[in-house]
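Visitor: Okay, here's the prediction I keep looking at, along with the sequence it came from:
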Amino acid sequence: MAVVREAGNQDELWKWIKSGRRTGRRRSRHGQPHGVRLAFYGRTSTTRFQDQQSSCGWQREAAETVIADRGAIVAEFFDGGCSRQVPWDQRPEAAALLRMATSSERPFDAIVVGEYERAFVGDQFERIATELGHCGVQVWLPEAAGPVDLSDPMHRALMTVLGAQSQREVLRSRHRVLAAMRAQTCEQGRYLGGRPPYGYRLVDAGPHPNGAHAAWGRRLQRLVPDPGTAPQVRWIFAERLAGRSMAGIARRLNERGVACPSSADRQRNPHRSAQAWTVQTVAAILNNPRYTGRQVWQRSSGARSARISGSESSTRDGPGEDWAVSKEAAHPELVSEADFVAVQAVRASRPTKDGRVREYLCAGLLVCRMCGRRMDAHWVNDRPGYRCRHGHNSSRPRGSAREKSLYVREDRAMATLAAWFPDSGPLDTLRRLRRDDLVVLCDSGEWELARAEDTEGPTQSDVIESPGSGPYPFMG
């Protein structure tokens, strides 16, 4: 806390405070490096709910207590809003520290943290300490009362216990928070934050039920139909029930000049293009059970792991048994539960005129090398196949300059997979590809087997070795 000097006859007291000549207090040696030169590292999980300056202050004070008279802090690295589960090389300040540690002109000899849990979790410490050790940099911890020596069995055992304890704290906190949010959704139907669904807006729902939060001025919110967009949601469900395709619905909305969700609410969607309705946007609305009036939480999976790993992976619906659904309606419905369920049946595979259901065995496994998109299932010449239109779909007008579509026949694709994996049956081969997250890169020339995570764009260099080689055999 900063010391504030008041007016009056305080000059003498102020001089005494600044001089540091106080009985029983150690004088700070900050700015006078001697002994070991150390870099301080600290971290906070969030910037919204934590005061970064205060957190950095107490962590640094704990670090300086460990150092005592053995050295001085000459550099500071502090990551704000970063989970401890994020690897060091993906934390901005930690990554900068690691890079500086490899320099022959680094200004420090060791690093110090104010608390183990602020910097490490699981087996992170051993990996980071080993990496820094190769550069001749030690790691100091309060729990070890100084530098950690991994060759010492006691220190290694201590680090193992601390790593497990840090991981346990993460799991316990996560379980408590998720359990509380699930109960608030199921029992109270409470709105837990995030962007309101298209068709709804947020209104005040009274003071927060927690007295302390209410005293701080926090209030609840709830969803109510938005007069400008709710009619569009009702129209979308009605059109789908009438048998119109999702692409047809998107095209009609664009022709009518209806603002798409990201355009209707730019403040909450600054990261989106706001250009037009797409098939994916219509599908997201038709698949959202919150339009029935029920509050639904934890429906999507993948967001948390993507955030921790730093990837750009999109979220997808998790298993239905993991969803938290309010027992009663929490807000006005825009579609009845019966109609919502009926719409989901329309989305399912529909039988053809002869009563057969079309199946596509390779769905999701074929990727266009040119644009990096998954190829769409496409029935042609009375047999299953796949095509890539390079981003074009029937919800948008056809452009004059467009790459030629790529087509793949399923029977030839399956024959090639059988040649690649002769010891596996067709279904076992498909399960193996999906289990190992592998896809086939397709074009009119060469073909290759690749990791799905490496097929995010039109140019891919990290392609793994294929079981076969030669000209592309899938073309019809």
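Guide: Perfect, I can see it now. Keep in mind that what you see is a predicted model, and the values were worked out from it rather than measured.

Visitor: Enumerate every residue touching Trp58.
Guide: When contacts are counted by CB atoms under 8 Å, 6 or more residues apart in numbering, Trp58 touches Gly114. To be clear about C-beta, it is placed using only N, CA and C from the backbone, and glycine gets the same treatment.

Visitor: go on, the one 4 residues further on?
Guide: In this structure, Ala62 makes contact with Gly114, Glu115, Pro142, judged by CB under 8 Å, 6+ apart.

Visitor: And the strands in the stretch 301-450 of the chain?
Guide: Counting by DSSP state E, counting those that start in this stretch, the segments of the stretch 301-450 of the chain that form strands are 316-317, 324-329, 366-368, 376-380, 383-388, 406-409, 438-442, 448-451.

Visitor: how about those strands, which one is nearest Asn288?
Guide: Closest of the strands of the stretch 301-450 of the chain to Asn288 is strand 316-317, at 10.0 Å (criterion: CB to CB).

Visitor: hang on, the earlier thing: got the strands of the stretch 301-450 of the chain as a markdown table, with mean pLDDT columns?
Guide: Shown next, in a markdown table, are the strands of the stretch 301-450 of the chain (pLDDT from 0 to 100):
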| stretch | mean pLDDT |
| --- | --- |
| strand 316-317 | 63 |
| strand 324-329 | 86 |
| strand 366-368 | 88 |
| strand 376-380 | 83 |
| strand 383-388 | 87 |
| strand 406-409 | 86 |
| strand 438-442 | 86 |
| strand 448-451 | 83 |
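
Visitor: nearest to Asn254, of the contacts of Ala62?
Guide: Using CB to CB, Glu115 comes nearest to Asn254 of those, at 54.4 Å.

Visitor: and the closest one, how many residues sit next to it?
Guide: The number of residues packed around Glu115, counting by other CB atoms under 10 Å, is 18.

Visitor: And the pLDDT for it?
Guide: The predicted local distance difference test score for Glu115 is 85.

Visitor: returning to that earlier point: so which of the strands of the stretch 301-450 of the chain gets nearest Phe125?
Guide: Each of those was checked against Phe125 via CB to CB, and the shortest separation belongs to strand 448-451, namely 29.6 Å.

Visitor: list the helices and strands the closest one packs on?
Guide: Under the contact criterion of 3 or more CB pairs under 8 Å, 6 or more residues apart in numbering; DSSP states H and E, strand 448-451 touches strand 438-442.

Visitor: List the strands paired with the strand it packs on, with their directions.
Guide: Sheet pairing here is set by DSSP bridges, and for strand 438-442 it gives strand 366-368 (parallel), strand 448-451 (antiparallel).

Visitor: ok so, going back, with respect to burial, which of the strands of the stretch 301-450 of the chain scores highest?
Guide: By mean neighbour count, with neighbours taken as mean count of other CB atoms under 10 Å, strand 366-368 ranks first of the strands of the stretch 301-450 of the chain at a mean of 25.

Visitor: Below-threshold pLDDT in the stretch 251-400 of the chain: ranges please.
Guide: Filtered on pLDDT under 70, the stretch 251-400 of the chain yields the residue ranges 301-320, 347-355, 393-400.

Visitor: Looking at the chain, which helix is longest?
Guide: Taking DSSP state H as the assignment, the helix of the chain that covers the most residues is helix 153-183.

Visitor: Restrict the next helix or strand along the chain from that one to CA atoms and write it as CSV.
Guide: Next along the chain after helix 153-183, taking DSSP states H and E as the criterion, comes strand 200-207. Taking only C-alpha atoms (Å, rounded to 0.1, in the frame of the first residue of the first chain), the coordinates of strand 200-207 have been written out as CSV:
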residue,chain,number,x,y,z
TYR,A,200,-33.4,-12.3,-27.1
ARG,A,201,-32.1,-9.3,-25.1
LEU,A,202,-31.1,-9.0,-21.5
VAL,A,203,-33.1,-7.1,-18.9
ASP,A,204,-32.7,-6.6,-15.1
ALA,A,205,-33.9,-9.5,-12.9
GLY,A,206,-33.4,-7.9,-9.5
PRO,A,207,-30.6,-7.9,-6.9
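
Visitor: averaged over its residues, what pLDDT does the helix or strand that strand 200-207 is followed by have?
Guide: Toward the C-terminus, strand 200-207 is succeeded by helix 211-215 as the next helix or strand (DSSP H and E). For helix 211-215, mean pLDDT rounds to 80.

Visitor: Now stretch 363-376: buried residues?
Guide: Within stretch 363-376, the residues that qualify as buried by neighbour count (16 or more other CB atoms under 10 Å) are Leu365, Leu366, Val367, Cys368, Arg369, Met370, Gly372, Arg373, Arg374, Met375, Asp376.

Visitor: what about the helix or strand encompassing Val74, distance to the chain center?
Guide: Element membership for Val74 (DSSP H and E) is strand 71-79. Here strand 71-79 shows a centroid-to-chain-centroid distance of 30 Å under the convention CA atoms, centre = their mean, to the nearest Å.

Visitor: Please identify the pairing partners of that strand and their relative orientation?
Guide: strand 36-43 (parallel).
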